[in-house]
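1. Quick one, what's the 3D model for this:
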Amino acid sequence: MHVMKIRLAIMGSGSGTNCQSIFQAIDDGRLNAHVTTVLSDNPEAFILERAKRRGVPTSLLDCQGFKNKFPENVQEALAKQLRELGVDFICLAGFMRLVKSPLLEAFPKRILNIHPALLPAFPGVEAWKQALDAGVKQTGCTVHYVDAGMDTGEIIMQAFVPVLPGDTPEALHARIQIQEHILYPAAIQSATARL
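-> Below is the predicted model of the structure:
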């Protein structure tokens, strides 16, 4: 029996290492999916280059000069574009804007995010620094469904990373990223398996 591949759209603002791990998991047969498009709000983001090298179509999101806001009309147009492409799930991979109702309503329980902490602890930016500053003994990463809040959606999977004596933010973040690259494809496979 041939199982249909899930169609993914990946959105990111940066280097795209999680995007790369999704490509790798597809190639290795760990993730039964096809990446339809990669989108970024940052024309310089290396995630776009990773997609181009793979022959995946890319789009630039014009956020109309807003530094942090994701304008609703842009989200409405994006929702329409992704529906036309037949996208099943949206994977946020280092996308630094909050997704709001137009996309959430178009893709209910179909938008996933990876966050570099054990949510609900340390939502928001530079979570690995927050964890170090708080003096916790362990942190990690979380894949969750996206809702209207900041990193508040239902948790799908987590991976733990110990905080080592003398850790620097960079060293801790690097170890968290190793776990992210394993966790995200596994969580996507788990979340999409219910289709």
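2. For this structure, just list every one of the strands.
-> Along the chain, the stretches classed as strands by DSSP state E are 6-12, 33-40, 58-60, 89-92, 111-115, 138-145, 155-162.
3. of all the ones you listed, which lies closest to residue 130?
-> strand 138-145 (8.7 Å; CB to CB). Yep, even glycine has a C-beta here, placed from its N, CA and C like the rest.
4. what sits up against the closest one?
-> Contact with strand 138-145 is made by 109, 111-119, 121-122, 127-128, 131, 151, 153-163, 172, 176, 179-180, 183-184, 187-188, 191, as judged by CB atoms under 8 Å, 6 or more residues apart in numbering.
5. List only those of those residues flagged as buried.
-> Listed as buried from the contacts of strand 138-145 are 111-119, 122, 127-128, 131, 151, 153, 156-159, 161, 163, 172, 176, 179-180, 183-184, 187-188, 191; burial here means 16 or more other CB atoms under 10 Å.
6. how much space between residue 11 and residue 150?
-> In this view, residue 11 and residue 150 are 16 Å apart by CB to CB, to the nearest Å.
7. And the helices in the protein, which stretches?
-> 17-27, 46-54, 72-84, 101-106, 127-134, 169-192 (DSSP state H).
8. Mind putting the ones you listed into TSV with distance to residue 146 and mean pLDDT?
-> What follows is those, written out as TSV (distance: least, CB to CB, whole Å; pLDDT from 0 to 100):
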stretch	distance to residue 146	mean pLDDT
helix 17-27	14	97
helix 46-54	18	97
helix 72-84	12	95
helix 101-106	7	94
helix 127-134	16	97
helix 169-192	11	97
